[in-house]
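K.L.:
Based on what follows, work out the 3D shape:
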Amino acid sequence: MFSGVCGVAVIWFTSVVDDAPNTPEVVMTPVAAEMLQHADSFLEALSDSQRLSAQKSFDDTSRTDWTFFPRVRDGLELADLRDNAAAFASAEALLDCGLSESGAKTAADIRRLDPQEDRGGGVRMGPDRYAITIFGQPSSGKRWGWRVEGHHLTLNWTIDAGRVVSVTPMAFGISPFVDQAGEPQVLGEDQQAYLDFLGTLDNETRAGAKRDGPMPGEVPGVGKPRPESGGRAGIRFSALSEAAQAAAWKVLDTVYDRLDAELAWMRRASARAQAEDIFFSWSGTGLAFRPNAYRIEGRDFTFDFVNAQDAGNHVHTLYREGPRDFGQEIPSWTRVASDQFFTEGPVWSPPSTLLFSDMRFDGSAGHIVSLNETGKLQRLWSSPKVANGLMFDGEGRLWACLFGHGTLASFAWQDGALVDEREEIPGYQGQRFLKTNDLVFDASGGLWFTDPLFGRKAGEQPVMGVYYRRPTGEISLVVEDLNRPNGIMLSPREETLYVLPSSGSSAFAYDITAPGVVANPRTFGQVPGGGDGMTVDVQGNVYLTSGRLRSVVVVNPAGEEIDRIGLPGGPSNVCFGGPANRTLFVTAGDSVYAVPRKQPGWIFPGSRPGG
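P.N.:
This is a model prediction of the structure:
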């Protein structure tokens, strides 16, 4: 689940806009809320002189001056809080934030095992010689950051608009690596996953992945604001055998396992979506508790493990995310799925699963696919009926527009599987629909859906229409004068119906006067060349997909464009999900993208995900 070890969630609500109840000023993700609470408590518990040591401006140059080597450190050490119990307790709680339970334990063990040592010149080591620095003013809406740094441990966090935007540089180390019983003190899983992976490689592949030249004596780029690229040497993940790929992902998972699930989900998915561009290289002995080093490098991240000192008894690890380190550059989107055919119909199932359709247009089977917290894609359903739009009803069943069959079906969503398929709507007035496309449930359990025509008919309806199915099962044709009605959505208060045709240059809005009854048709927003799917946020803003523009066009409730989200591929559909419902998932071509938003998406009372 998306929940940190601190267990705090904070939401602020302010005024209500005309068509969106409970419009929030700031909705923070759980981890950002945890960090804000404990950083505030920490600063409030300090004396004035302690606060001067612990807090710097966000733009202070020391924010990117970091290392896990022994040195005189900025900030306030835990040793300085011995006589301030409240500040010490808040500091301990803050240190756990952003990490998983196992990650927090690893960090605590590194601190606990650090030997007491005075190296002179003010350089001291030991369990309480870890310094905390707050950069900027902790805020729900503005940018700020914090760091804990000491021997063998550096954690850097950047928060912006109520969301953690950077977790790097992140370094964990230990010396001695092995205790008196011959077992790893910490970070043993990093070594074991690496050795297991090497064991899956044949001699030729293993040799091809080994770096030329001497083994590095240290992880590259320590203390530098930007990471050092290794030129992505070695072997591609995508070139490995199935068994070797599975083992390679376990090596990388040792990094993500240290992060809170909220922060790990996107990173796992992004890594798997770029397997073609991830390289593994190694050097050293390939033996346990002997000198070894390995690097995993993708387009936007590096992970280094080096056990070079003390005859293989001194480990340093370092994870970095390129220009994203310290929040210096934050991407506007992240690819979380790739190598599909034509993605459509995204829908979020809390706490951590995205479902979407992968369509085919040649008579072969289409699929319903899941993407969960492991970052893995799984085909849950395959059929030449070809699913398009997806949405949960109020009972937790997943409904699908079967584009290739001209019907609508539903499934039980249980334990990560789709079971108990039912044909819910076989047609209208004795005929199957043309190409059922998209759908949305209202609070009463009524279903609005579209039926355009693309290519060969699945059914024999005389018009391309917008339909409404009452909870009793009665179906009515609501709109019959649009060319290729495609996307469909309701305003948060369900007073307005939006329809986005695939032809023309705009969406349409209708007043809902009764269930399944509309009036006052009017154009709404501009989408040259027509659009596809859409969704709404808590402020009533509507997100219109445009393949021609390769963008999601955001319009306010008055139909005025307020934002445009550009993407590499032409978007087909959108939904909100993720932590605090603040991630916009966009299906586009063969991929799925995640776009962070300041405002969360609206959660419809008539839709309750199962699973």
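K.L.:
which intervals of the protein have sub-threshold pLDDT?
P.N.:
Within the chain, the segments meeting pLDDT under 70 span 1-25, 230, 458, 611.
K.L.:
Distance check, the nearest residue to residue 102 once chain neighbours are set aside against residue 147.
P.N.:
The spatially closest residue to residue 102, leaving aside those adjacent along the chain, is residue 257, at 6.1 Å (CB to CB, 6 or more residues apart in numbering). For glycine as for every other residue, the C-beta is placed from the backbone atoms N, C-alpha and C. Counting by CB to CB, to the nearest Å, the gap from residue 257 to residue 147 is 22 Å.
K.L.:
who has more neighbours, the two?
P.N.:
When neighbours are counted by other CB atoms under 10 Å, residue 147 comes out ahead of the other of residue 257 and residue 147, with 23 against 18.
K.L.:
residues of stretch 510-524 that come out buried?
P.N.:
With burial defined by 16 or more other CB atoms under 10 Å, the residues of stretch 510-524 counted as buried are 510, 512, 515, 516, 518, 524.
K.L.:
One more: stretch 196-215?
P.N.:
Of the residues in stretch 196-215, those buried by neighbour count under the rule 16+ other CB under 10 Å are 197, 198, 200, 201, 205, 206, 209, 210, 211.
K.L.:
contact partners of it?
P.N.:
Applying CB atoms under 8 Å, 6 or more residues apart in numbering, the contact partners of stretch 196-215 are 233-235, 240-241, 243-244, 247-248, 250-251, 280-284, 286, 291-293, 308.
K.L.:
Walk me through the domains of this structure.
P.N.:
Following the TED database, one gets these domains for the chain: 30-166, 174-327, 341-532.
K.L.:
got JSON lines for those, with distance to residue 576 too?
P.N.:
Converted to JSON lines, the domains of the chain look like this (distance: least, CB to CB, whole Å):
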{"stretch": "domain 30-166", "distance to residue 576": "14"}
{"stretch": "domain 174-327", "distance to residue 576": "14"}
{"stretch": "domain 341-532", "distance to residue 576": "7"}
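K.L.:
quick one: which of the buried residues of stretch 510-524 is nearest residue 272?
P.N.:
Using CB to CB, residue 524 is the member of these that lies nearest residue 272, at 37.6 Å.
K.L.:
give the contact list for the residue lying closest to that closest one once chain neighbours are set aside.
P.N.:
Taking CB to CB, 6+ apart as the measure, residue 524 lies nearest to residue 509, with 3.9 Å between them; neighbours along the chain are not counted. Shown in contact with residue 509 (CB under 8 Å, 6+ apart): 496, 497, 498, 521, 522, 523, 524, 559.
K.L.:
What of residue 170?
P.N.:
Contact criterion CB under 8 Å, 6+ apart gives 154, 155, 156, 255, 258, 318, 319, 320 as the residues in contact with residue 170.
K.L.:
6 Å instead?
P.N.:
Under the criterion of CB atoms under 6 Å, 6 or more residues apart in numbering, the contact list for residue 170 reads 155, 319.
K.L.:
and it, what are its bridge partners?
P.N.:
With beta bridges defined as DSSP bridges, residue 170 has these partners: residue 155, residue 319.
K.L.:
mind checking which of the domains of the chain is nearest residue 569?
P.N.:
Among the domains of the chain, domain 341-532 comes nearest to residue 569, with 9.0 Å by CB to CB.
K.L.:
Could you report the distance from residue 337 to residue 353?
P.N.:
To residue 353, residue 337 is 12 Å away according to CB to CB.
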